[in-house]
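Undergrad: Need coordinates for the below:
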Amino acid sequence: MFSFLFLLSFVCRYDGLHHGSSYLEHLTFLSAIRADGEKSPAVDLQDGLISVAVGVAAQLSIEKGRFVTIDEVMDDTEAKLLCKS
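TA: Sure thing, here's the model as predicted:
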């Protein structure tokens with residue numbers, strides 16, 4: 001049973017769309033690069049910035065043992081980037 005669960009977790013790790021970049025995300029990113037600007041990437045700078053901010057806030061929350069807001073981890077310049085559409 002242990003070997004089956006290990007194999008299952010190993011295979012599922014690369015299915016994509018989980019916490020972290022995976023094979024499917026790499027293929028999508030590469031496809032956008034090869035399209036030479038004709039195809040939009042699946043995520044943009046704003047998506048990346050907010051995901052990093054959420055991760056930093058989560059880590060600070062663990063360390064401090066309290067809720068941490070996104071405002072606490074982003075400065076005004078970064079916040080303005082998120083507001084641009």
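Undergrad: so where is this structure shaky, pLDDT-wise?
TA: 1-21, 77-85 (pLDDT under 70).
Undergrad: mind listing the strands for the chain?
TA: In the chain, no segments count as strands under DSSP state E.
Undergrad: so what's residue 67 up against?
TA: residue 61 (Cβ atoms under 8 Å, 6 or more residues apart in numbering). To be clear about C-beta, it is placed using only N, CA and C from the backbone, and glycine gets the same treatment.
Undergrad: what separates it from residue 56, distance-wise?
TA: 14 Å (Cβ to Cβ, to the nearest Å).
Undergrad: Count the neighbours of residue 47 for me.
TA: 12 (other Cβ atoms under 10 Å).
Undergrad: Just give me the longest helix of the protein.
TA: Using DSSP state H, we find that the single longest helix of the chain is helix 45-64.
Undergrad: Any buried residues in that one, and which?
TA: Residues of helix 45-64 classed as buried: 50, 53, 57 (neighbour count, 16 or more other Cβ atoms under 10 Å).
Undergrad: Thank you kindly, that will do.
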